[in-house]
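Chemist: The amino acid sequence is not available; the structure is as follows:
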């Protein structure tokens with residue numbers, strides 16, 4: 001039996017093993033998808049262990065999407081431009097890194113929200129590995145501007161500098177609190193939360209990444225967190241009349257792209273989506289995202 005894992009810390013919120021295993025079983029692929037919760041000091045050892053013949057690869061999540069890059073033998077050019085990897089493929093002991101977060105986000109934005117980022121003004125909360133992938137998707141989608149903020153200002157500045165040369169989109173960074181952020185949010189058509197604030201089983205599960213009074217009523221509010229299905233940010237956005245989209249569709253779409261890299265088989269997206277929704281409970285019935 002082959003093995004695939006999810007590398008991150010912590011992982012109590014993850015449902016990836018549920019829908020990935022459902023897909024593997026559906027196609028009768030003899031492989032098991034596991035949670036590989038890994039503390040920082042053990043990251044290099046964990047990645048090195050993936051060179052074994054029984055390992056097909058792994059997904060990578062918070063907080064290692066950027067840190068894992070130098071541990072790999074090669075990185076796909078797109079992932080290299082993004083500066084973050086969320087998928088590793090083992091090919092005869094050589095580890096290759098890819099980023100399927102970008103395509104997963106772009107597909108969810110287009111197919112689930114019906115939103116075309118071309119010409120749009122966007123505010124992005126959080127400048128980690130996921131934030132880098134989302135920014136690249138927006139640059140490739142020809143957004144007019146992306147305003148990035150992070151609790152660590154240097155991370156937001158680095159994204160703006162690194163990815164600002166990738167296209168015509170204007171990238172800027174602003175402080176996480178203050179008038180500049182409030183002004184950017186007030187005029188945006190899309191607000192994306194790429195922070196872990198609001199994630200289930202975290203210390204910030206019931207918190208908001210921005211004050212509720214700043215949430216733009218006329219914008220699409222997208223939270224890449226998928227567990228819980230409706231974060232407090234999305235609940236508050238609905239109260240203000242905003243359109244919302246949670247992170248489940250992005251999770252499934254990026255997972256499907258990873259699945260195809262590991263197996264070479266077409267991912268059964270409908271099977272994966274149904275399993276993911278069941279894993280999160282009755283609140284995820286079809287049509288509950290809007």
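Modeler: Structure received. Because the structure is a prediction, the values reported are computed rather than measured.

Chemist: tell me, how many neighbours does residue 45 end up with?
Modeler: Residue 45 is flanked by 10 other residues according to other C-beta atoms under 10 Å. Backbone N, C-alpha and C define where each C-beta goes, glycine included.

Chemist: if you go through this protein in chain order, where are the strands?
Modeler: Taking DSSP state E as the criterion, the chain carries its strands at 2-8, 31-37, 55-60, 74-75, 87-91, 94-98, 121-125, 145-149, 170-173, 190-193, 220-223, 243-245.

Chemist: Tabulate those (CSV), appending mean neighbour count.
Modeler: Formatted as CSV, the strands of the chain follow (neighbours: other C-beta atoms under 10 Å):
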stretch, mean neighbour count
strand 2-8, 22
strand 31-37, 18
strand 55-60, 26
strand 74-75, 18
strand 87-91, 21
strand 94-98, 20
strand 121-125, 25
strand 145-149, 25
strand 170-173, 19
strand 190-193, 26
strand 220-223, 26
strand 243-245, 22
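
Chemist: Out of the ones you listed, which gets nearest to residue 276?
Modeler: strand 31-37 (12.8 Å; C-beta to C-beta).

Chemist: Pairing partners for that closest one, with directions?
Modeler: When sheet partners are counted by DSSP bridges, strand 31-37 sits next to strand 2-8 (parallel).

Chemist: What mean pLDDT does the strand it pairs with get?
Modeler: Strand 2-8 carries an average pLDDT of 98.

Chemist: Throw the strands of the chain into TSV and include distance to residue 271, thanks.
Modeler: Converted to TSV, those look like this (distance: least, C-beta to C-beta, whole Å):
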stretch	distance to residue 271
strand 2-8	16
strand 31-37	14
strand 55-60	18
strand 74-75	30
strand 87-91	19
strand 94-98	22
strand 121-125	31
strand 145-149	34
strand 170-173	37
strand 190-193	27
strand 220-223	24
strand 243-245	22
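
Chemist: if I look at the residue nearest to residue 16 when sequence neighbours are not counted, how far off is residue 49?
Modeler: Distances taken as C-beta to C-beta, 6 or more residues apart in numbering put residue 6 closest to residue 16, at 5.1 Å, once the chain neighbours are dropped. The gap separating residue 6 from residue 49 is 14 Å, by C-beta to C-beta, to the nearest Å.

Chemist: if we can go back for a sec, residues contacting the residue nearest to residue 16?
Modeler: When contacts are counted by C-beta atoms under 8 Å, 6 or more residues apart in numbering, residue 6 touches 14, 16-17, 33-36, 58-61.

Chemist: can you tell me which of those lies nearest to residue 144?
Modeler: Checking the contacts of residue 6 one by one against residue 144 (C-beta to C-beta), the nearest turns out to be residue 61, at 30.1 Å.

Chemist: Confirm for me that the closest one is in contact with residue 13.
Modeler: No - the pair residue 61 / residue 13 is not scored as a contact, 9.6 Å apart, by C-beta atoms under 8 Å.
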